[in-house]
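Asker: mind looking at a prediction? Sequence and model below.
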Protein chains: 4
Amino acid sequence: MAIHHFQPTHYYTAIGSHPPVLHLASGDSVVTTTVDAFGKDATDQEVTPRGNPQTGPFYIDGAEPGDTLVVVLDRVSPNRPIGYTRSVVAPNVVDPAYVRELPVPGLVEWRVDSKSGTATLLKEDTKLGTLTIPLAPMLGCFGVAPSKNQAISTETSAEHGGNMDYRGFIAGVTIYFPVFVPGALLHVGDGHATQGDGEIVGTGIEISMEVQFTVRLIKGKRIRWPRGENNKYIFTVGNARPLDQAVQHATTEMLRWLSEDYGLDTISASILLGQCVEYDLGNVFDPAYTMVCKLPKVLLPALQTIRAS
Amino acid sequence: MAIHHFQPTHYYTAIGSHPPVLHLASGDSVVTTTVDAFGKDATDQEVTPRGNPQTGPFYIDGAEPGDTLVVVLDRVSPNRPIGYTRSVVAPNVVDPAYVRELPVPGLVEWRVDSKSGTATLLKEDTKLGTLTIPLAPMLGCFGVAPSKNQAISTETSAEHGGNMDYRGFIAGVTIYFPVFVPGALLHVGDGHATQGDGEIVGTGIEISMEVQFTVRLIKGKRIRWPRGENNKYIFTVGNARPLDQAVQHATTEMLRWLSEDYGLDTISASILLGQCVEYDLGNVFDPAYTMVCKLPKVLLPALQTIRAS
Amino acid sequence: MAIHHFQPTHYYTAIGSHPPVLHLASGDSVVTTTVDAFGKDATDQEVTPRGNPQTGPFYIDGAEPGDTLVVVLDRVSPNRPIGYTRSVVAPNVVDPAYVRELPVPGLVEWRVDSKSGTATLLKEDTKLGTLTIPLAPMLGCFGVAPSKNQAISTETSAEHGGNMDYRGFIAGVTIYFPVFVPGALLHVGDGHATQGDGEIVGTGIEISMEVQFTVRLIKGKRIRWPRGENNKYIFTVGNARPLDQAVQHATTEMLRWLSEDYGLDTISASILLGQCVEYDLGNVFDPAYTMVCKLPKVLLPALQTIRAS
Amino acid sequence: MAIHHFQPTHYYTAIGSHPPVLHLASGDSVVTTTVDAFGKDATDQEVTPRGNPQTGPFYIDGAEPGDTLVVVLDRVSPNRPIGYTRSVVAPNVVDPAYVRELPVPGLVEWRVDSKSGTATLLKEDTKLGTLTIPLAPMLGCFGVAPSKNQAISTETSAEHGGNMDYRGFIAGVTIYFPVFVPGALLHVGDGHATQGDGEIVGTGIEISMEVQFTVRLIKGKRIRWPRGENNKYIFTVGNARPLDQAVQHATTEMLRWLSEDYGLDTISASILLGQCVEYDLGNVFDPAYTMVCKLPKVLLPALQTIRAS
């Protein structure tokens, strides 16, 4: 249950089986920092090439393929007062003929004030004035080394996590990743001070972060896609294109979860999900899109009784 | 501002230019009933063939192509104590190989108690016991006659509305439809006592309804896709497959709305939406899927100042 | 086995249950004309509004829902010397960001010479000179009245046929349509002097036609999607978005056909198709895209022996 | 212009920046062997784990990011008499509800006779008898190391090539790959004795091969997606899901090619492609689908005059 303080000196833009920077035991926590999507650190200096550079990887001792890695995001805190967003919606989120109406995007600055918990638009020539919105700091891209000795670009996502750009990945959330390689090799990065659903301009408010997380290992528990939970929901994550396929991955993983851990046969799970499921849109910008399938925990206690019996 | 009471005697399973059952003036309200998706009325008798039969159409005097029809759902109330859902998630919402795990679906009964505002599962051989969930009555399928003398099946949806199966269409919501034919020809039907996101079992809790709505006409205002608003949000609706295209339609329509009515150029609208937009998943079951693009109204007052000036 | 000569006086831009213009017996042929997609006739005059106006519908006596209508395209002949194409690829067939590179499309004229069997580009300010290409006259949009009293725009396609824009629909081809309404109600139109795969500029060489076709009825034979055959292939047609779904429809229909008429169980059909199937791309421009699943007839004789036994 | 003979001793199931097995000069040829998709060699022994194991990588001296690697497939010859296919169409290529009709797939043996150029089905309990079909030997999976230090599974494909499963990759074809890393790092594998369009059973006739290829380098020529040519066509390859996006990648790359090398502005290229383009379906089975955009070379001579001037 140690707390490690780790200051990264190099970063990766592909999530893969890189040499680990630190060994962790199940139960350990790490306090570390992440640079922003552009490779800029807490001083707003570019210290590594852009593209969602990742801190890590962290080797979880004892993790083996077929296990599940539990990651609790204890703290996700912007560590500088400036963030950046892109200024135009991405061509792929509007009707193809409408792309002609889109100007070429630039970068926009926001003043990020963690004390007041707000971000304020600094661009002066818009119709938005000094638009000020609440912070909701999150991690856009994080995950474990994928299967088959792959190294997958931090532009995209898959079963291993990666660039899901889901605004539900805030402090307090627990995420479950399938383990594909010895040590799991957890990478973290791409902090956003806040972000709309879909990341439709291709960015959240991109910012460097101080991040604290805690890892735990579930031996012999095999899952297929990232899962998670927060105070209100359990959820599953599907990453693919088109969105229809992301829905399929997330829904299938939820059916498996309800079967494995809550004893629900397909009909029971279907009846429950059919009337009570919720979906969140992760990103519709990256090469793989992200859909999240959620079930309110308030519906689970009765199930857990079943589970216990 | 009359209130009409209309008792339907026949229904349509395609939304098109059928003879109107009633003429309404802008500002009029209608109190009427809808049968459920299976053609069953308040006495649970099948009075018309299944397939989301529609009450109407209602002719709004003065409506012409290029206008916008405003529909306020004043009341959406189940008018019988029994509802039906399908028992198995649809094959198209799970991974293709997982379809082999799905049993053949049947129909499940729920006791719908409008006084307590709950629905209780009546099927006894599940792991769910007497699962009781809150009601959230909504209309699954409603809309106006489409363009080009089309008559479009109530199985699907398009620019004219139709079978969107979005659980945001509850009492209190205002919906804006493009008018394609003289009189607009509003159809309403397919009530659900509640429904999960996506309608992933292919049904909400299907039930007959008493519905009250009010119409209003905006002359010379041309929109492309259904729009709406509730207390918290303005929203736009895109209907298409894949979901990616539904996202494109809804997002493009929101950009148009922010430009036309709130004076936001593309960059201003993009900056705002990029960090503040939310998306809801309507259906992922029908031939056309539905995505809803939402912007919190709390962000609009400043804009309305711009709009007024 | 009569040959009817029919000169249309009005046209439809939705395929539906319109009053028939002519009654045909099984075995009858019709010689008629079609206007081009812009509503222009053999004299290049606009005689009806644009949008793939259809000649017909033709009522086939005895046709009932659940039957199959056989249509042989005996002749598909341009009947004027001028044709039109659009000048720029459609925004939906290029990468979203590349749409910014596309100029606004105009119309381009071609001289169509049926004697020499060629079309020659008349636009002078291109890099193509007097590009001359072979004619391959086809029908872009034709089909039968759809189910459920629908009337479906000639912009799109579905189980009933419609705007498939498949360049395999040339003279000599036999097409099988499911019958959804009494009389089947066959519509024909949207001739192209030639067309590339996909109709990626949104047009073939649009031209008015003289068309001769012969109808035949197969009573009690229910199919789901259009099927066809020519000298070399049997084929099935799927219409949907995304293309993936069009592939699914066409492939499933081919499996059904091989089972029903050639006695192939799923494994036998799979082994055969897996190594021998071919797919053609119909359109990737219209609201529904089109994929065609083909099997060489040379592989069928052995099967027909099975079929006969 | 050396001819190297290379006998592989190990294989990779991810295409990435592995240590090269051989250095080649531009103009050099290699004669080597590939194991089949299951890791079986010319003696039908499993010598490496399954999953399209790749021979290589080959380091082309002088190749740098931003160059183009030219690969000519000189010979693609099955080197054993037995091949394997899967026996059931993949769940993703049929209508979702139809998946319930699909049996669990097994492996089927074929006798591959290179002398007669035929493959004969050895499975006895089908309706196909001793089905005998022509050989058309091809490579299913080959490509260069991808960008960003990625290593991409041989299950899928992208800009670097990979598991495209396109039956046009036969002897005599020239393929152009973008170079992403020093040396390009060419991998080759996954031979099929023949294959239908789409690889809809998830395999061609999987077989080990003797392969001869020749490499050439085009310095300073940057392409985005694989390109190719054969006697009749130039073509471009797009790999993505859904197929719609693969169409977009391939079409956009063809527009770039026609602009860069043939001097065609967008309108000229559009007019030409609109009426003359052809598309082939690569795979619709792998994580990324493949579409090929083709233009007949017979249309190019006039253009080459332009090109030369």
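Answerer: That came through fine.

Asker: could you show which parts of chain A are in contact with chain D?
Answerer: A:12-14, A:16, A:51, A:147-153, A:155, A:240-242, A:245 (C-beta under 8 Å from any C-beta of the partner chain). Where C-beta positions appear, they are placed from N, C-alpha and C, glycine not excepted.

Asker: mind checking which of the residues you listed are in helices?
Answerer: A:Q245 (DSSP state H).

Asker: of the residues of chain A next to chain D, which are in range of chain C?
Answerer: A:P242.

Asker: of the residues of chain A next to chain D, buried ones?
Answerer: When these are checked for burial by 16 or more other C-beta atoms under 10 Å in any protein chain shown, the buried set is A:12-14, A:16, A:51, A:147-153, A:155, A:240-242, A:245.

Asker: among the residues you listed, which are in strands?
Answerer: In strands, judged by DSSP state E, the following of those are found: A:A14, A:I152, A:S153, A:A240.

Asker: tell me where the model's unsure across chain A.
Answerer: A:302-309 (pLDDT under 70).

Asker: show me which residues of it sit near chain C.
Answerer: So chain A meets chain C at A:A90, A:P91, A:N92, A:P96, A:A97, A:V99, A:R100, A:L102, A:V104, A:P242 (C-beta under 8 Å from any C-beta).

Asker: which element is the nearest residue to A:L128 once chain neighbours are set aside on?
Answerer: Distances taken as C-beta to C-beta, 6 or more residues apart in numbering or on different chains put B:S268 closest to A:L128, at 5.3 Å, once the chain neighbours are dropped. In this assignment (DSSP states H and E), B:S268 forms part of helix B:266-276.

Asker: quick one, domains of chain A?
Answerer: A:3-81+A:135-218, A:231-308 (automatic domain parsing).

Asker: so which of those gets nearest A:W110?
Answerer: Minimum separation from A:W110 across the domains of chain A (C-beta to C-beta) falls at domain A:3-81+A:135-218, 5.2 Å.

Asker: okay, helices next: where are they in the stretch 151-300 of chain A?
Answerer: A:243-262, A:266-276, A:300-308 (DSSP state H, counting those that start in this stretch).

Asker: just send the domains of chain A back as TSV, with distance to C:K219 too.
Answerer: Putting the domains of chain A into TSV (distance: least, C-beta to C-beta, whole Å) gives the following:
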stretch	distance to C:K219
domain A:3-81+A:135-218	52
domain A:231-308	38
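
Asker: and the residue of the stretch 151-300 of chain A nearest chain C?
Answerer: Taking C-beta to the nearest C-beta, chain C has its nearest neighbour within the stretch 151-300 of chain A at A:P242, 6.2 Å off.

Asker: for the nearest residue to that residue once chain neighbours are set aside, which residues are in contact?
Answerer: The spatially closest residue to A:P242, leaving aside those adjacent along the chain, is B:P242, at 3.8 Å (C-beta to C-beta, 6+ apart). Counting by C-beta atoms under 8 Å, 6 or more residues apart in numbering or on different chains, B:P242 touches A:P242, A:L243, A:D244, B:Y289, C:R241, C:P242, D:P242.

Asker: grab the nearest non-local neighbour of the third one.
Answerer: By that I understand A:D244. Nearest to A:D244 is B:P242, by C-beta to C-beta, 6+ apart, at 4.7 Å.

Asker: quick one: the one you found from A:K127, how far?
Answerer: 33 Å (C-beta to C-beta, to the nearest Å).

Asker: how about A:A250?
Answerer: A:A250 is 37 Å from A:K127, by C-beta to C-beta.

Asker: for those two, indicate the residue with more neighbours.
Answerer: A:A250 (30 against 19; other C-beta atoms under 10 Å in any protein chain shown).

Asker: show me what contacts that one?
Answerer: A:W225, A:T236, A:V237, A:G238, A:Y279, A:M291, A:V292, A:C293.

Asker: if we use 6 Å, what do you get?
Answerer: Neighbouring residues of A:A250 by C-beta atoms under 6 Å, 6 or more residues apart in numbering or on different chains: A:T236, A:V237, A:G238, A:M291, A:C293.

Asker: next step: those restricted to strands.
Answerer: A:T236, A:V237, A:G238, A:M291, A:C293.

Asker: quick check: end-to-end length of stretch A:18-37?
Answerer: This stretch, stretch A:18-37, spans 20 Å end to end (C-alpha to C-alpha, to the nearest Å).

Asker: can it be said to contact chain B?
Answerer: No. Shown here: stretch A:18-37 not in contact with chain B (C-beta under 6 Å from any C-beta of the partner chain), separated by at least 13.8 Å.

Asker: element containing A:H23, please.
Answerer: Counting by DSSP H and E, A:H23 is part of strand A:22-24.

Asker: contact residues of the stretch 1-150 of chain A facing chain B?
Answerer: A:T85, A:S87, A:V88, A:V89, A:V93, A:V94, A:D95, A:Y98, A:V108, A:T126, A:K127, A:L128.

Asker: are any of these buried, and which?
Answerer: A:T85, A:S87, A:V88, A:V89, A:V93, A:V94, A:D95, A:Y98, A:V108, A:T126, A:K127, A:L128.

Asker: any idea which of these is closest to C:I175?
Answerer: Nearest to C:I175 among those: A:D95, at 32.4 Å, using C-beta to C-beta.

Asker: quick one: stretch A:130-139 to chain centroid distance?
Answerer: Using C-alpha atoms, centre = their mean, to the nearest Å, the mean C-alpha position of stretch A:130-139 is found 17 Å from that of the whole chain.

Asker: ends of it, what's the gap?
Answerer: 25 Å.

Asker: buried residues of it, list them for me.
Answerer: For stretch A:130-139, by 16+ other C-beta under 10 Å, it's A:L131, A:I133, A:L135, A:A136, A:P137, A:M138, A:L139.

Asker: could you do stretch A:96-107 as well?
Answerer: Buried, per 16+ other C-beta under 10 Å, within stretch A:96-107: A:P96, A:Y98, A:V99, A:L102, A:P105.

Asker: next one: stretch A:2-13
Answerer: In terms of neighbour count (16+ other C-beta under 10 Å), stretch A:2-13 has its buried residues at A:P8, A:Y11, A:Y12, A:T13.

Asker: go ahead and confirm the first one touches A:T55.
Answerer: Yes. When contacts are counted by C-beta atoms under 6 Å, A:P8 is listed as touching A:T55 (4.5 Å).

Asker: in contact with A:T174, which residues?
Answerer: A:V72, A:G228, A:E229.

Asker: if I look at it, how far off is A:L185?
Answerer: For A:T174, the distance to A:L185 - C-beta to C-beta - is 19 Å.

Asker: circling back: any chance of the buried ones among the residues of the stretch 1-150 of chain A next to chain B in JSON lines, with distance to A:G39 and secondary structure too?
Answerer: Supplementary listing: these in JSON lines, determined by distance: C-beta to C-beta, whole Å; DSSP: H, G, I helix; E, B strand; the rest coil:
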{"residue": "A:T85", "distance to A:G39": "16", "secondary structure": "strand"}
{"residue": "A:S87", "distance to A:G39": "20", "secondary structure": "coil"}
{"residue": "A:V88", "distance to A:G39": "22", "secondary structure": "coil"}
{"residue": "A:V89", "distance to A:G39": "24", "secondary structure": "coil"}
{"residue": "A:V93", "distance to A:G39": "25", "secondary structure": "helix"}
{"residue": "A:V94", "distance to A:G39": "29", "secondary structure": "coil"}
{"residue": "A:D95", "distance to A:G39": "33", "secondary structure": "coil"}
{"residue": "A:Y98", "distance to A:G39": "32", "secondary structure": "helix"}
{"residue": "A:V108", "distance to A:G39": "18", "secondary structure": "strand"}
{"residue": "A:T126", "distance to A:G39": "27", "secondary structure": "coil"}
{"residue": "A:K127", "distance to A:G39": "31", "secondary structure": "coil"}
{"residue": "A:L128", "distance to A:G39": "28", "secondary structure": "coil"}
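
Asker: brilliant, that's me finished.
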